[in-house]
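Engineer: My questions are about this predicted structure, shown below with the sequence.
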Amino acid sequence: MNRIAFFSVLFAACCPRPWDAQPMDEAPDQQCRVGPATHGYDIYTWDCVEGEHVVVSFYSSEMMCAMPEKESVACGELTSLEKEYAEELGEDCQAPPDSLYWE
């Protein structure tokens, strides 16, 4: 295995899974990956849970990742991340590769 592949696997293995860091009791209403192919956000959205619109997001790139974050606003409102990526979060958004974990 070459060094680049080794370190890519090593760093990927260290990235926290968003559902472990920010657990939710039910599956999200929408799951999207936004941003360029080499980096961006995986965004998991719950329309309204216990009076809150919830977004769990996870930023990653080819060689690094950030801790998953959770943002809540009133039901019917948009989070700052949703406002930033409004054009990419439509019905045609691509689901993240790990989107099946809620099954």
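Structural biologist: In hand now; what should we look at? Keep in mind the model is a prediction, meaning the values are calculated, not measured.
Engineer: in what helix or strand does the spatially most central residue of the chain lie?
Structural biologist: Central residue of the chain (C-alpha atoms, centre = their mean): Asp42, 2.6 Å from the mean position. Per DSSP states H and E: Asp42 is located in strand 39-49.
Engineer: For that strand, enumerate the helices and strands it packs against.
Structural biologist: If contacts are counted by 3 or more C-beta pairs under 8 Å, 6 or more residues apart in numbering; DSSP states H and E, strand 39-49 sits against strand 30-34, strand 52-61, helix 80-84. For the C-beta atoms, the positions are set from N, CA and C on the backbone; glycine is no exception.
Engineer: mind redoing it with 6 Å?
Structural biologist: strand 30-34, strand 52-61 (3 or more C-beta pairs under 6 Å, 6 or more residues apart in numbering; DSSP states H and E).
Engineer: Just want the angle from the first one to strand 52-61.
Structural biologist: Spelled out, that is strand 30-34. Here strand 30-34 runs at an angle of 30 degrees relative to strand 52-61 (axes from the mean of the first three to the mean of the last three C-alpha atoms, to 10 degrees).
Engineer: Next, the angle from strand 30-34 to strand 39-49.
Structural biologist: 160 degrees.
Engineer: which residues sit against strand 30-34?
Structural biologist: 40-45, 85, 88-89, 93-96, 99 (C-beta atoms under 6 Å, 6 or more residues apart in numbering).
Engineer: any idea of the mean pLDDT in that strand?
Structural biologist: For strand 30-34, mean pLDDT rounds to 88.
Engineer: Next: stretch 62-82.
Structural biologist: Stretch 62-82 comes out with an average pLDDT of 91.
Engineer: For that stretch, list every residue counted as buried.
Structural biologist: Cys65, Pro68, Glu69, Ser72, Thr79, Leu81, Glu82 (16 or more other C-beta atoms under 10 Å).
Engineer: Would you point out the most distant pair within these?
Structural biologist: Greatest spacing in the buried residues of stretch 62-82, by C-beta to C-beta: Cys65 and Ser72 (22.0 Å).
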